[in-house]
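Chemist: below: sequence and its predicted model.
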Amino acid sequence: MDYSFLLGSVENLLGKSQKKARENHAFHCPFCNHHKPKLEINFATNEKGENPWECWVCNTRGRTIRSLLYQLKTPRDQAREVLKYVKKGDIYEYKHIAAVELPKNFQLISESSPTSIVAKNVKKYLYERGLTDNDFIKYGIGYCTSGEYGGRIIIPSYSASNQLNYFVARSYDGNYYKYKNPETSKDIIFFENLINWNQPIIICEGVFDAIAIRRNAIPILGKSISKALLKQIIQSDVEDIYIALDQDAIKKALEYCEQFLNIGKQVYLVDLKEKDPSDMGFLAFTRHIQQAQELDLTSLMRFKLKSV
C-alpha cells in the first residue's frame, strides 16, 4: 500500500522521520521533545481506518491520525489537508473544551465572616482533615453555599503563570457524593504555581494528600499522570521523584517508576500500605519518605514480581 502522500503530509507537521520496521516511521515527539525520534506512527492503515501511534518515552499514544492531530491542536484547515490521505471514514472534529472558572458564588474561607455558620462548618471539616488557617490562604481554599457547587469546598489549582487551570469540589457535610469537578481538560499540573522543579517532587493521588505532605507534592487526581505533568518532568531539572500512590495502584506506580528510571531520574517508591498521606499526617508521612527505597531496575523487577 502506498502511504507516501500521508507520510509526506505528516512530515510537514512533525519534521522528517526515520523508517522503522514495516510501515512504522519514527518522529521527534512534540509532546516531550525528547532528543531522539521516539514517536512511532504505523502508516499501514488497518481495516478500521486506524494508524496507531505512540511515544516510547512519554507514553503519549492514540489509535488514529485524527487523535494525533487533535492532541497537537492542529488548525482545522491543516488537519483536513493531512486527513484527506487517510482511509475514508476518519473524520476530523474538534471537541470544545470549556475554559475553567471558579463558581460564581465562590467564597474564600480566609475572607468569610467570623459569624458565618457555614464557614464554621467548613473550617471544622478541614481542621479535622489536618488543614490549618495558613493552608486556607496558601491554597486559596473556599466554598459555595448555593448553586451547582453548593455545599462543597473548592480547592483551586493554578498554572505556572498563575492562571486557574482546575479546581476540586469536595462535599463537607455528607449530603452529596464526594466530588463534583468541572467539565474541562484534566491535562494539567495541579498546584503547578507552587512547585519548585529544582527540588525533589512527590507524586500523590489526591489534593488533601498533597496538602498534608506540605512539600513539593503534586496530586494527579487519581492514578494516572497527565501528559502535561509527564512532559514537564521529562524536560525539567528535577532529579529525585517520590511515587506515593495508594497500595491498590501499585502496578501503575511501578509503571511510572520504570518510565522515570529509563530517562535517568532517581526514583523512590513510598510504602503506603497503612494509610493515605492525608490520613497519616505530615510527621508520619515524613518518616515514610525517609524510609523510601531508591529503585534501580533490579529492585523494580522484584517489586513487579511481588505485585503479580
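Modeler: Cool, got the structure.

Chemist: low pLDDT regions in this structure?
Modeler: 1-2, 87-98, 175, 274, 308 (pLDDT under 70).

Chemist: hey, where'd the helices end up in it?
Modeler: Secondary structure of the chain (DSSP state H): helices at 4-14, 65-71, 76-83, 117-128, 133-138, 207-213, 227-235, 250-262, 277-291, 297-307.

Chemist: closest to His34 out of those helices?
Modeler: helix 227-235 (7.0 Å; C-beta to C-beta). Quick note: C-beta positions are derived from backbone N, CA and C, even for glycine.

Chemist: nearest spatial neighbour of Lys231, skipping sequence neighbours?
Modeler: Cys32 (5.0 Å; C-beta to C-beta, 6 or more residues apart in numbering).

Chemist: can you tell me how far the one you found is from Leu83?
Modeler: Separation of Cys32 from Leu83 (C-beta to C-beta, to the nearest Å) stands at 24 Å.

Chemist: over to Gly142?
Modeler: Here Gly142 is placed at a distance of 44 Å from Leu83 (C-beta to C-beta).

Chemist: who has more neighbours, those two?
Modeler: Gly142 (25 against 20; other C-beta atoms under 10 Å).

Chemist: I figured that one was touching Ile154, is that so?
Modeler: Yes: taking contact to mean C-beta atoms under 8 Å, the distance of 4.9 Å between Gly142 and Ile154 places them in contact.

Chemist: shared neighbours, those two?
Modeler: Taking C-beta atoms under 8 Å, 6 or more residues apart in numbering as the contact rule, Gly142 and Ile154 both touch Leu102, Phe106.

Chemist: could you find the closest non-adjacent residue to Leu295?
Modeler: Val267 (4.9 Å).

Chemist: neighbours around the residue nearest to Lys231, how many?
Modeler: Neighbours of Cys32 using other C-beta under 10 Å come to 21.

Chemist: for it, which residues are in contact?
Modeler: Lys38, Cys55, Val57, Cys58, Thr60, Leu230, Lys231, Ile234, Gln235 are the contacts of Cys32 under C-beta under 8 Å, 6+ apart.

Chemist: repeat that for 7 Å
Modeler: Residues near Cys32 by C-beta atoms under 7 Å, 6 or more residues apart in numbering: Cys55, Val57, Cys58, Lys231, Ile234.

Chemist: please identify the most buried of the helices of the chain.
Modeler: helix 207-213 (a mean of 24; mean count of other C-beta atoms under 10 Å).
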